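K.L.:
Curious how this folds, go ahead:
(2 chains)
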Number of protein chains: 2
Amino acid sequence: MPASDRIRDHAGQGATTVAAHRARRRLRADQARQLADLLRHQLLTDGFPDGTLPHESALAADYRASRNTVRQALDLLRAEGLVERLPGVGTVVVGQKYPHGLDRLMGLAETLHEHGRVTNEVRTMGPAPAPVPVAERLRIPPGTDVLYIERLRRLNGLPLSLDLTYIPLDIGTALLGADLENTDVFRLLETITGRRLGHAEITLEAVNADAHSATVLEAPRGAAVLMLERLTHLADGRPVDLEFIRFRGDRITMSGLLHRSL
Amino acid sequence: MPASDRIRDHAGQGATTVAAHRARRRLRADQARQLADLLRHQLLTDGFPDGTLPHESALAADYRASRNTVRQALDLLRAEGLVERLPGVGTVVVGQKYPHGLDRLMGLAETLHEHGRVTNEVRTMGPAPAPVPVAERLRIPPGTDVLYIERLRRLNGLPLSLDLTYIPLDIGTALLGADLENTDVFRLLETITGRRLGHAEITLEAVNADAHSATVLEAPRGAAVLMLERLTHLADGRPVDLEFIRFRGDRITMSGLLHRSL
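P.N.:
Next comes the predicted model:
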């Protein structure tokens, strides 16, 4: 008999048992989430330098949790692709997330240089008429050609992000012959214009990858993606680079410092 | 015969046709993503004030895209829960995302006050021994009791985030009798201590919601979640509030300004 029927059939003992069972299950799930969040922080900050997590019983003692809760927490981290269970070895760290700064405007190769080499596969590049919302944000007349670039960006060969970029053509034309495979657009923009970049307005969202984006990023369909929209300006205030970036959620974190007073 | 077999069987015409067909399909998917990103920006910035998107043919003309591409772009936005198609009406805006600032340290009710009322369902609250990573970050001896709070936060009744919070007990005790249902912890911390908050270290990630978190947030299993870890300090530098926050990806965006030079 399903649990729900039992509740309907017996107002007394049966329902209490089912309710107690549910409460226990909910409590364990809550405790597992709580533990998983603490372990996730350790994972992201290299808290297990030998790449292996302590034994379940040690984790249970350290976190005053039951073995079942520990197992459930490790299951959550495994579902996120952060750890794997190896028979005879234990739970090992498999996924690495790379920190992208939220404090300073930096290109991907700049920000990740100590983690490896960023390479860019240019999927599309060429002039195209700017749709109204692009033209407005780049402060050019609608329909004016802009340079459109689509790149799949990799760190040490692994897909990290899919970037769609719009650049006004007076600056963009010089990008056509540049080494986009190996150089951040930010660096090229500063070289071409002879000016420094100033600031960028950014918006971050978490979205589920659509089937096509997932395929390009070599991620499962529906995988969580950290979506960054960024409008970058030269130091003189001119907007020169509108980007829509899909980062694989399992490969990147964004970190920064917020202040209470401005 | 499946397309893959046709390629193997005919080196000539058949393969070319299949390749051309695939290239067209990839191109359309790329163009749909490109268009969807532009429309998403419009949706998030209230670019369709009457709540209805222009007709497909108007969008096709405006964005120089084919009707098929427009349809595919609208499908992507529908899958994200941002728009819906109503027979006889067209495509209407259904999901609203609320902007959370990345420029200043603010509580949820503070940051969203113009969008409605934030209420908090306290799921768990009580003292618990601090696990080592919590104790280290709050700079208290491991095993010392901290106040642990778990809240489901709603905006105008809709689930927005699930927050796990750790607060040192000397401050936390005063929170036990406070109106946590209707007040940000940030505000309570400033009232209790008589001091201003100073800064917070934050980390943002995109993760797929596990089954239990999804249920609590009333979101589909696997829904993209914007995960925020935040360690908040008083103005004198003392860490007083460690939080793990899961925002529903379809209800929140984080916006801010980055500068090239610090």
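
K.L.:
Residue A:133 contacts residue B:41, correct?
P.N.:
Yes. In this structure, residue A:133 is within contact of residue B:41 by C-beta atoms under 8 Å, at 6.1 Å. Glycine gets a C-beta too; all of them are placed from N, C-alpha and C.

K.L.:
Mind pulling up the pLDDT for residue A:202?
P.N.:
What the model reports for residue A:202 is a pLDDT of 95.

K.L.:
helix/strand/coil for it?
P.N.:
When classified by DSSP: H, G, I helix; E, B strand; the rest coil, residue A:202 comes out as strand.

K.L.:
Next, give phi and psi for the residue nearest to it when sequence neighbours are not counted.
P.N.:
Distance criterion C-beta to C-beta, 6 or more residues apart in numbering or on different chains; nearest residue to residue A:202, sequence neighbours excluded, is residue A:230 at 4.8 Å. Backbone torsions of residue A:230, given as degrees, to the nearest 10, read phi -140, psi 120.

K.L.:
doesn't residue A:245 make contact with residue A:230?
P.N.:
Yes. At 6.8 Å, residue A:230 counts as touching residue A:245 under the criterion of C-beta under 8 Å.

K.L.:
Looking at these two, which has the bigger crowd around it?
P.N.:
residue A:245 (24 against 18; other C-beta atoms under 10 Å in any protein chain shown).

K.L.:
Just the pLDDT for that one.
P.N.:
97.

K.L.:
can you check the one 4 residues further on too?
P.N.:
At residue A:249, the model reports a pLDDT of 96.

K.L.:
Select the longest helix from chain A.
P.N.:
helix A:13-44 (DSSP state H).

K.L.:
Any residues of the stretch 51-200 of chain A in contact with chain B? List them.
P.N.:
Residues of the stretch 51-200 of chain A lying near chain B by C-beta under 8 Å from any C-beta of the partner chain: A:62-64, A:76, A:79-80, A:97, A:99, A:102-105, A:123-124, A:129, A:131-134, A:148, A:150, A:164, A:196-200.

K.L.:
which stretches of the stretch 101-250 of chain A have low pLDDT?
P.N.:
For the stretch 101-250 of chain A, no stretch is flagged by pLDDT under 70.

K.L.:
Which parts of it are helices?
P.N.:
A:108-111, A:132-138, A:169-172, A:185-193, A:211-217 (DSSP state H, counting those that start in this stretch).

K.L.:
circling back: mind checking which of the residues of the stretch 51-200 of chain A next to chain B are in strands?
P.N.:
A:99, A:123, A:124, A:129, A:148, A:150, A:164, A:197, A:198, A:199, A:200 (DSSP state E).

K.L.:
Among those, name the buried ones.
P.N.:
A:99, A:148, A:150, A:164, A:197, A:198, A:199, A:200 (16 or more other C-beta atoms under 10 Å in any protein chain shown).

K.L.:
now for the ones in strands among the residues of the stretch 51-200 of chain A next to chain B, which pair is the farthest apart?
P.N.:
Comparing all pairs in those by C-beta to C-beta, the longest separation belongs to A:99 and A:129, at 37.7 Å.

K.L.:
How many neighbouring residues does the closest residue in space to residue A:107 that isn't next to it in sequence have?
P.N.:
Of all residues not flanking residue A:107 in the chain, residue A:184 sits nearest, at 2.9 Å (C-beta to C-beta, 6+ apart). Using other C-beta under 10 Å, residue A:184 has 18 neighbouring residues.

K.L.:
I'd say residue A:184 and residue A:111 touch.
P.N.:
No. Using C-beta under 8 Å, residue A:184 is not in contact with residue A:111; the gap is 9.1 Å.

K.L.:
beta partners of residue A:259?
P.N.:
Beta bridges link residue A:259 to residue B:104, residue B:199 when assigned by DSSP bridges.

K.L.:
burial of it, as a residue count?
P.N.:
With other C-beta under 10 Å as criterion, residue A:259 counts 13.

K.L.:
dump the residue contacts of it.
P.N.:
B:104, B:105, B:198, B:199 (C-beta atoms under 8 Å, 6 or more residues apart in numbering or on different chains).

K.L.:
10 Å instead?
P.N.:
Going by C-beta atoms under 10 Å, 6 or more residues apart in numbering or on different chains, residue A:259 touches B:103, B:104, B:105, B:197, B:198, B:199, B:200, B:235.

K.L.:
Which helix or strand contains the residue nearest to the first one when sequence neighbours are not counted?
P.N.:
To tie it back to what came earlier, the one meant is residue B:103. Spatial nearest neighbour of residue B:103, excluding adjacent residues (C-beta to C-beta, 6+ apart): residue B:256 at 4.7 Å. If you go by DSSP states H and E, residue B:256 is part of strand B:252-259.

K.L.:
between that strand and helix B:13-44, how big is the angle?
P.N.:
90 degrees (axes from the mean of the first three to the mean of the last three C-alpha atoms, to 10 degrees).

K.L.:
and strand B:252-259, how far out from the chain's middle?
P.N.:
12 Å (C-alpha atoms, centre = their mean, to the nearest Å).

K.L.:
Looking at the residue nearest to residue B:103 now. What's its pLDDT?
P.N.:
Reported pLDDT for residue B:256: 91.

K.L.:
hang on, it packs against residue A:256?
P.N.:
Yes. The pair residue B:256 / residue A:256 is scored as a contact, 8.2 Å apart, by C-beta atoms under 10 Å.

K.L.:
overlap in contacts of these two?
P.N.:
In contact with both residue B:256 and residue A:256: A:102, B:102, using C-beta under 10 Å, 6+ apart.

K.L.:
Give the burial count for residue A:54, as a bare number.
P.N.:
Counted with other C-beta under 10 Å, residue A:54 comes out at 15.

K.L.:
Now do the contacts for it.
P.N.:
A:39, A:48, A:60, A:61, A:62, A:70, A:90, A:91.

K.L.:
Make a ChimeraX selection of the buried ones in those.
P.N.:
This is the ChimeraX syntax for the buried subset of the contacts of residue A:54, where burial follows 16+ other C-beta under 10 Å:
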select /A:39,48,60,62,70,91
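
K.L.:
List just the nearest of the contacts of residue A:54 to chain B.
P.N.:
Checking the contacts of residue A:54 against chain B with C-beta to the nearest C-beta, the nearest one is residue A:62 at 6.3 Å.

K.L.:
any idea of the pLDDT on that closest one?
P.N.:
So, for residue A:62, pLDDT stands at 90.

K.L.:
show me the contacts for it.
P.N.:
A:35, A:38, A:54, A:70, B:131, B:132, B:133, B:142.

K.L.:
Can you go through these and name the buried ones?
P.N.:
A:35, A:38, A:70, B:131, B:133.

K.L.:
biggest separation within these, which pair?
P.N.:
A:70 and B:133, at 14.7 Å, using C-beta to C-beta across the buried ones among the contacts of residue A:62.

K.L.:
burial of residue A:181, as a residue count?
P.N.:
Neighbours around residue A:181, by other C-beta under 10 Å: 10.

K.L.:
Was I right to think it contacts residue A:120?
P.N.:
Yes. Residue A:181 is within contact range of residue A:120, at 5.4 Å (criterion: C-beta under 10 Å).

K.L.:
Check which residues of stretch A:83-96 are buried.
P.N.:
Applying 16+ other C-beta under 10 Å to stretch A:83-96 flags A:83, A:91, A:93 as buried.
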